[in-house]
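J.: I'd like to go over a predicted model; first the sequence, then the structure.
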Amino acid sequence: MFLKNKLFWIIILAFAARMLVGVSLHLGLPLYGHADEDDRAGYVFTDAHIRDDQAWKLANSDRPIWEAFSRKFSSDQYGGLLAFSAFVYRYLSPDAQRPLLLIFFSALVAALGVPFLWKGTRQIFGEKVAYAAAWIFALYPESVLLGSSAMREPYLLTFSAMAFWGFVAGQGAGLPLRGLHDMSEKSTRSTRPASLGAWIWLALGLLGMLLVSPAAALAHLVLFTGWVFFTDERRTLSWKPVLLFALIFAVGLFVLSASLNRSGQFDASSPLRVVNDWLRLTVKWDIYQLERGSGWVQKLFDEMPEWMRLPFVAVYGVLQPVLPAAVFEPDNRFWQVIYLVRAVGWYALLPALILSFGAGTGQGRRPERVEGSASRRNVILWLALLTWTWILLSALRGGGDTWDNPRYRAILFAWQAVLAGVVWVGWREARSAWVGRTLLCEAVFLLVFTQWYASRYFHWGGQLSFAVMVGLIAAAWGIIVGVGLWLDHRRVPGRGM
């Protein structure tokens, strides 16, 4: 029975892909990677290397596991993953430090998120979108890379999917999600016994995020609260979820501020002020690092007004990892393949995320056929808005770093996969012309920047100035969008997206 289940094979492939990549990188980096300490030890991420070493030391000491949450350890800002890693070493591998064991758990936990995401997506958007989202969640390159390393993100993604399923299944537990489903009285009664389980999955997902990254838990609380509000026609909230969310939000904010203020450099009297000061100083530091680390960025900063620097960093961060740079920038071949695969994955996903706003407005779809379509559109728009807000915050938080930006934005990748699944299925059903136009806009950007990188590193053709490049891309985009709008205006209403 399981062998005929498509979802079963998606889970197996998700686990196998992460284990295969994890083992290959751990064995291949010492042979084909750089000569730095991380590569020689077989680690893609420095954070994973430091955390692994500290987890081994903690596991072999006489100190309790919960000391992972203290200020003595700098490898894990919040302590949750360090505590788990030390627990694994102390009780499953006390005789030797085995990084592949931690990779096994990362791959396993990442794969276990697939069924939760599938179940939650199916209940809201249907089976076609659920399978599309599950495939994207399972095989997206950045997700596979993170799941093949002892990092926080695979755990956060599964906790996110777990909370998602618990949230949408909690209609019988007091969450006011009316209008999302065409549920008969009989089907409603049949779901009520499972309401306790829904609350448990929601609580486990949020608790897991609190232990691993309180910021992720706070983001999900905002997401769920907005979801409830925008899908309730009366715009009223039940006091039970409001009380629960407020309590978890307060705890999460306190834990987050305490974790950020381990050094005592911020005003600890106000958690909100700690988070605000930390974010402000971090963005300022990342902008400084970006300017110092790149000569052409420093030149651009000197030429542009100071108020434009922050928007520039945000856009530059969103575009990371830049696909033409992955092709042309000289690097170790082993690492260049890693960069290239990550960049191809992001630039394949990016158009779907852009088009998610169009999917939320219902453009390009047939007339309403089922009850609750308006609520689903509201959900899509809310998810798109919050997802893009997170992407921009990740870009500002990570500056122009080719690793931090993708890693930070991957924390909400479960929702990106859902949006991409909605867009994919919507395109297959309606064949929206705007999908091709968006891809054409992306192709223009890639072609122009490919020529720029090729001229920079291999002197192929004349090198355009950055201002001319941006103007050329903007003009081409304007023509594509303008012609598209003109063609839509000529068509019969309802035919185009």
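T.: Looks like it came in fine. Numbers count the residues shown, from 1 in each chain.

J.: CA-only coordinates of stretch 163-170, as PDB, when you get a sec.
T.: Taking C-alpha atoms only, stretch 163-170 is exported to PDB below (Å, rounded to 0.1, in the frame of the first residue of the first chain):
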ATOM      1  CA  ALA A 163       2.300  24.200  13.000                       C
ATOM      2  CA  PHE A 164       0.600  24.800   9.600                       C
ATOM      3  CA  TRP A 165      -1.200  21.500   9.700                       C
ATOM      4  CA  GLY A 166      -2.200  21.900  13.300                       C
ATOM      5  CA  PHE A 167      -3.500  25.400  12.500                       C
ATOM      6  CA  VAL A 168      -5.700  24.500   9.500                       C
ATOM      7  CA  ALA A 169      -6.900  21.300  11.200                       C
ATOM      8  CA  GLY A 170      -7.900  23.300  14.300                       C
END
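
J.: how far does that stretch sit from the chain's center?
T.: Remark: stretch 163-170 is offset 19 Å from the chain centroid, using Cα atoms, centre = their mean, to the nearest Å.

J.: What mean pLDDT does that stretch get?
T.: For stretch 163-170, mean pLDDT rounds to 90.

J.: residue contacts, residue 359?
T.: 380, 384, 419, 422, 423, 426 (Cβ atoms under 8 Å, 6 or more residues apart in numbering). Heads up, the C-betas are built off the backbone N, CA and C, glycines and all.

J.: Could you pull out the buried residues of stretch 382-397?
T.: For stretch 382-397, burial by neighbour count (16 or more other Cβ atoms under 10 Å) applies to 382-388, 390-397.

J.: and the least confident of the residues you listed?
T.: residue 397 (81).

J.: In three-state terms, label that one for me.
T.: Secondary structure state of residue 397, per DSSP: H, G, I helix; E, B strand; the rest coil, is helix.

J.: give the contact list for the nearest residue to it once chain neighbours are set aside.
T.: The shortest distance from residue 397 to any non-neighbouring residue, by Cβ to Cβ, 6 or more residues apart in numbering, is to residue 408 (5.7 Å). For residue 408, the contacting residues are 393, 394, 397, 398, by Cβ under 8 Å, 6+ apart.

J.: wouldn't the last one be in contact with residue 317 here?
T.: Yes: counting by Cβ atoms under 8 Å, a contact exists between residue 398 and residue 317, whose distance comes to 5.7 Å.

J.: Where do the strands of the stretch 101-250 of the chain begin and end?
T.: Under the criterion DSSP state E, counting those that start in this stretch, the stretch 101-250 of the chain contains no strands.

J.: picking that back up, kindly present the contacts of residue 359 as a markdown table, with separate columns for secondary structure.
T.: Output for those, formatted as a markdown table (three-state DSSP):
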| residue | secondary structure |
| --- | --- |
| 380 | helix |
| 384 | helix |
| 419 | helix |
| 422 | helix |
| 423 | helix |
| 426 | helix |
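
J.: hmm, back to that, could you dump the contacts of residue 408 to JSON lines with distance to residue 48?
T.: JSON lines is the format used below for the contacts of residue 408 (distance: Cβ to Cβ, whole Å):
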{"residue": "393", "distance to residue 48": "23"}
{"residue": "394", "distance to residue 48": "19"}
{"residue": "397", "distance to residue 48": "19"}
{"residue": "398", "distance to residue 48": "17"}
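
J.: Quick check: the two most widely separated of those?
T.: Maximum pairwise distance among the contacts of residue 408 (Cβ to Cβ): 9.4 Å, between 393 and 398.

J.: now the helices: where do they sit in the stretch 51-200 of the chain?
T.: 80-92, 99-125, 127-139, 141-147, 153-168, 185-191, 195-212 (DSSP state H, counting those that start in this stretch).

J.: Now the longest one: buried residues?
T.: So the one you mean is helix 99-125. 99, 101-125.

J.: Equivalent analysis for the first one, please.
T.: Applying a neighbour-count criterion of 16+ other Cβ under 10 Å, the buried positions in helix 80-92 are 80, 81, 82, 83, 84, 85, 86, 88, 89, 90.

J.: If you count contacts, what does it end up packed against?
T.: helix 46-59, helix 99-125, helix 195-212 (3 or more Cβ pairs under 8 Å, 6 or more residues apart in numbering; DSSP states H and E).

J.: what's the angle from it to helix 99-125?
T.: Put simply, helix 80-92 runs at 130 degrees to helix 99-125, going by axes from the mean of the first three to the mean of the last three Cα atoms, to 10 degrees.

J.: now residue 45, nearest residue through space, not along the chain?
T.: The nearest residue in space to residue 45 (Cβ to Cβ, 6+ apart) is residue 149, at 5.4 Å.

J.: Format the helices of the stretch 51-200 of the chain as JSON lines; extra columns: distance to residue 19.
T.: Listed next are these as JSON lines, based on distance: least, Cβ to Cβ, whole Å:
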{"stretch": "helix 80-92", "distance to residue 19": "16"}
{"stretch": "helix 99-125", "distance to residue 19": "5"}
{"stretch": "helix 127-139", "distance to residue 19": "13"}
{"stretch": "helix 141-147", "distance to residue 19": "9"}
{"stretch": "helix 153-168", "distance to residue 19": "12"}
{"stretch": "helix 185-191", "distance to residue 19": "36"}
{"stretch": "helix 195-212", "distance to residue 19": "21"}
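
J.: Compare the mean pLDDT across those helices and name the weakest.
T.: Among the helices of the stretch 51-200 of the chain, helix 185-191 scores lowest, at a mean of 39.

J.: How about the contacts made by residue 394?
T.: Taking Cβ under 8 Å, 6+ apart, we find residue 394 in contact with 317, 404, 405, 408, 409, 411.

J.: Now it: closest residue in space, sequence neighbours ignored.
T.: Nearest to residue 394 is residue 408, by Cβ to Cβ, 6+ apart, at 3.6 Å.

J.: Read off the pLDDT value for that neighbour.
T.: On the pLDDT scale, residue 408 gets 92.

J.: Would you tell me what helix or strand it is located in?
T.: Residue 408 is part of helix 404-409, with elements assigned from DSSP states H and E.

J.: Quick check: buried residues in that helix?
T.: Buried, per 16+ other Cβ under 10 Å, within helix 404-409: 404, 405, 406, 407, 408, 409.

J.: what's the answer for stretch 298-313, then?
T.: 300, 301, 309, 312, 313.

J.: can you redo these as TSV with pLDDT and distance to residue 39?
T.: TSV is the format used below for the buried residues of stretch 298-313 (pLDDT from 0 to 100; distance: Cβ to Cβ, whole Å):
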residue	pLDDT	distance to residue 39
300	74	31
301	73	32
309	76	33
312	84	32
313	84	28
